[in-house]
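[1] need coordinates for the following:
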Amino acid sequence: MRAVKRSRLSFQTLNKGLVCNGQDMLTFALTHNASTTGKLIARRTNADSATLTAKR
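    Predicted coordinates:
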């Protein structure tokens, strides 16, 4: 969370551009058992953490 604040980028901007192993940050968090982080990302990006979709 602090890194996002320091970067001055919004979660929405990061979600559009950040890719981890070919997955967006929400998908990456949820597939690596980081459910707390996934819920935070979903809340900040207005995404649904219950639905796991892959972007291609």
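
[2] what about the strands in this protein?
    19-20, 23-24 (DSSP state E).

[3] can you lay out those as JSON lines showing mean neighbour count, distance to residue 33 and mean pLDDT?
    Every C-beta, even on glycine, is put in place using the N, C-alpha and C of the backbone. Output for these, formatted as JSON lines (neighbours: other Cβ atoms under 10 Å; distance: least, Cβ to Cβ, whole Å; pLDDT from 0 to 100):
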{"stretch": "strand 19-20", "mean neighbour count": "12", "distance to residue 33": "14", "mean pLDDT": "86"}
{"stretch": "strand 23-24", "mean neighbour count": "18", "distance to residue 33": "14", "mean pLDDT": "88"}
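
[4] how about those strands, which one is nearest residue 11?
    strand 23-24 (11.5 Å; Cβ to Cβ).

[5] CSV please, covering the strands of the chain and showing distance to residue 35.
    Formatted as CSV, these follow (distance: least, Cβ to Cβ, whole Å):
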stretch, distance to residue 35
strand 19-20, 16
strand 23-24, 15
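
[6] compare these and give me the one nearest residue 13.
    strand 23-24 (12.3 Å).

[7] walk me through which strands the closest one pairs with, and which way each runs.
    Within its sheet, strand 23-24 is paired with strand 19-20 (antiparallel), according to DSSP bridges.

[8] ok, back up a step: between the strands of the chain, which gets nearest to residue 45?
    strand 23-24 (9.3 Å).

[9] can you give the distance from that closest one to the centre of its chain?
    Here strand 23-24 is found 8 Å from its chain centre; the criterion is Cα atoms, centre = their mean, to the nearest Å.
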